[in-house]
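**Q** sequence-free structure coming up:
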């Protein structure tokens, strides 16, 4: 098994997974330009399907599957469309700095990174 070329980002995106015979509801729980993990449904490994999201279709192949989740690989990397936009938003939110919140005067830090406060 070769390592992933892209880091997956945690998301929560409801989608419809469509095959020749069926349509299933699922939720993308992690996403990258090259693939996704979908929870809430499963298809046999090596099945071909499409992910429908906000009127946009992304083709995929099932790489692995369990009873209620599966990993998909996209034959064409995401580079536009609503799923790509959601990926970019999730990536930006993950990388955004947290707001600085100063301590009140006279209070001690809780925890501490690299130091022990006793």
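**A** Thanks, I have it. All values derive from a computational prediction rather than experimental measurement. Numbering: from 1, shown residues only.
**Q** ranges for the helices of the protein?
**A** Here the chain has its helices, by DSSP state H, at 82-95.
**Q** what stretches of it score poorly on pLDDT?
**A** Applying pLDDT under 70 to the chain picks out residues 1-6, 96-118.
**Q** so which residue is dead centre in it?
**A** residue 30 (1.8 Å; CA atoms, centre = their mean).
**Q** where's the closest residue to it other than its chain neighbours relative to residue 32, distance?
**A** Distance criterion CB to CB, 6 or more residues apart in numbering; nearest residue to residue 30, sequence neighbours excluded, is residue 8 at 4.0 Å. (Glycine included, C-beta is placed from N, CA and C.) Remark: distance between residue 8 and residue 32 (CB to CB, to the nearest Å) = 5 Å.
**Q** do residue 68 as well
**A** 21 Å.
**Q** with neighbour numbers in mind, choose between these two.
**A** Per other CB atoms under 10 Å, whichever of residue 68 and residue 32 has more neighbours is residue 32, with 19 against 11.
**Q** the more buried one and residue 9 touch, don't they?
**A** Yes: the pair residue 32 and residue 9 qualifies as a contact (CB atoms under 8 Å) at a distance of 6.7 Å.
**Q** between the two, what contacts are shared?
**A** residue 87 (CB atoms under 8 Å, 6 or more residues apart in numbering).
**Q** I figured residue 84 hits residue 33, correct?
**A** Yes: the pair residue 84 and residue 33 qualifies as a contact (CB under 8 Å) at a distance of 7.5 Å.
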